[in-house]
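J.: test case, fold it:
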Amino acid sequence: MKFGGSSLRDPESLQHLARIIQKSGFSRRVVALSAVQGITDRLILATNDALENESTVRTSLDGLSGVHRPLIENGIRDTEIRGKLNRMMDDFISRLQKLLKGVAYTGEATPRTRDQIVSMGERMAVHLMAGYLNDLGEKAEPVESDRLNMLTHGPFGHGTVDQQVVRREIPGALNPILKQGIIPVVTGFFGRNEDGDTITFGRGGTDYTAAILADALEAERLEIWKDVDGFLSGSPEMVKDGHFLANLSYDEAAELAYFGAKILHPRTVEPLLERNIPIVIRNAFKPDQVGTWIGAESHVSESVVKSVTFDRNIAMLRLHGADLGYVVGFLSTLISELSASHINIRSVMTSQTCINILLDRKDLSAAHAHLQSLNLEGIDTMDPIENICLVAIVGEGLSHSEDMVARAIHALSQARIHAEIIISGASRVAAYLIVRDDSLKKAVRVVHHTFFGHLEDKE
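T.: This is a model prediction of the structure:
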């Protein structure tokens, strides 16, 4: 059972989640937890402030304490548990003070140090939730990922768990706890490398942690508890009458997550594939609702398209050159150079005279500067394009229904929305269209209306 920060916001919500865990029908339950709402952002801000001025450290610590102390004082009835949690909080604040003072003194916040600091949010949260469960009379124990030997490789901030190692390590660490009827409350969001350093998985990474735990323990299912009912045919931010989706395949869920749906982290599906462990998206504030069931089974809907989603966090680097399509190894060089600079490539589209590289928007300037510095032969011009967004249509059967993409393109054309690039066939369950920033909202609504109706207005 995974619970996110948006559900961890005040004493009432923590008590509510503790009761959900308590009432679960499973005799053995493992809980994966994010930091309390807003704490990760506070920790990032505290680090940046410490770089600028040491005097901000005390204020930052007081702010962090000011969020957590009321959760202890106003949510825990048992005085012994309350005292234990307050001592725990003292310890974490002391550890954070040393880390932030170190940042201030050295004038440097390395990726290693940043990961140490932001992991404190999850560390504090698991102690809190274990305390709330204990206060209900449940046996629960906080477990920080370091203790599980959750071996992680890759750069700080973007770690990848060694799944084969953790399959051996996690059962040995958690099964003895489970056999005693104790609920382990495990930190999400981070693991450790071979040197024992904390490595985080990126924002939303607790979903990934939960999937790793579910796989290693051969769980019957993974429940992701959010503040929404499940997946919809369109984001409420854009579409007022989105349809609830009762079932999704692994591929559909992964594509929706990859293309911007915030309900599930894009890396959640992969660890569960081999054992076919299903995921259920549940609403923590409507626990009686069934939620969206995600599994290996494919459910082709009558309309084929299940959902229309979008991503604002993209940009494109467009390289022009007369013979780019014929230069052997040129594309390989581009990918290798950008990867070595820790720049993630979302997609690549090529022609004889042009290569379009789709990136995260935050990486555009760095990618542009790096490729310019290489002075690669064959490139005549290089254009960074920032004012674009992505609209994706997702559904099992899309690759066998050629008219679906055509219908979306026609609808955009009728609405006088130009699609900069159209990509179909890269995935058997998804196709996507690149549109300009100022057309995004209208584009999403028009495409959603094409497949589901209910076009609310014509903004």
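J.: where exactly do the strands run in the stretch 151-300 of the chain?
T.: 152-153, 160-161, 183-187, 190-192, 198-200, 222-226, 247-249, 279-283, 292-295 (DSSP state E, counting those that start in this stretch).
J.: which residues touch residue 183?
T.: Applying CB atoms under 8 Å, 6 or more residues apart in numbering, we find residue 183 in contact with 21, 29-31, 130, 133, 138-141. From N, CA and C alone the C-beta is placed, and that goes for glycine too.
J.: which PyMOL command selects the buried ones in those residues?
T.: The buried subset of the contacts of residue 183, as determined by 16 or more other CB atoms under 10 Å, is captured in PyMOL by this line:
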select buried, resi 21+29+30+31+130+133+138+140+141
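J.: neighbours of residue 109, how many?
T.: 19 (other CB atoms under 10 Å).
J.: what's the nearest residue to residue 384 if we skip its chain neighbours?
T.: Nearest non-adjacent residue to residue 384, counting by CB to CB, 6 or more residues apart in numbering: residue 368, 4.6 Å away.
J.: low-confidence regions, the stretch 301-450 of the chain specifically.
T.: Applying pLDDT under 70 to the stretch 301-450 of the chain flags residues 402.
J.: quick one: distance of stretch 227-237 to the chain centre.
T.: 16 Å (CA atoms, centre = their mean, to the nearest Å).
J.: looking at this, the residue nearest to residue 384 is in a helix?
T.: Yes: according to DSSP: H, G, I helix; E, B strand; the rest coil, residue 368 belongs to a helix.
J.: average pLDDT for stretch 212-230?
T.: Computed over stretch 212-230, the mean pLDDT rounds to 95.
J.: ok, residue 270 - contacts?
T.: 211, 254.
J.: distance check, it against residue 1.
T.: 20 Å (CB to CB, to the nearest Å).
J.: the stretch 201-350 of the chain: helices as residue ranges?
T.: Using DSSP state H, counting those that start in this stretch, the helices found in the stretch 201-350 of the chain span residues 206-216, 250-258, 330-340.
J.: what packs against the second one?
T.: Put plainly, it is helix 250-258. strand 292-295, strand 307-311, strand 388-394 (3 or more CB pairs under 8 Å, 6 or more residues apart in numbering; DSSP states H and E).
J.: before we move on, what SS does residue 19 have?
T.: Residue 19 ends up helix, using three-state DSSP.
J.: nearest spatial neighbour of it, chain-adjacent residues omitted?
T.: residue 136 (7.0 Å).
J.: what of residue 318?
T.: Using CB to CB, 6+ apart, the closest residue to residue 318 is residue 383 (4.4 Å).
J.: and for the host helix or strand of the one you found, what's in contact with it?
T.: Using DSSP states H and E, residue 383 falls within strand 381-385. Identification of contacts with strand 381-385 by CB under 8 Å, 6+ apart yields 315-320, 364-365, 368, 371-372.
J.: how about a cut-off of 10 Å?
T.: For strand 381-385, contacts defined as CB atoms under 10 Å, 6 or more residues apart in numbering pick out 314-321, 354-356, 358-359, 364-365, 367-369, 371-372, 376, 420, 434, 436.
J.: and these, which are buried?
T.: 314-317, 319, 321, 355-356, 358-359, 364, 367-368, 371, 376, 434.
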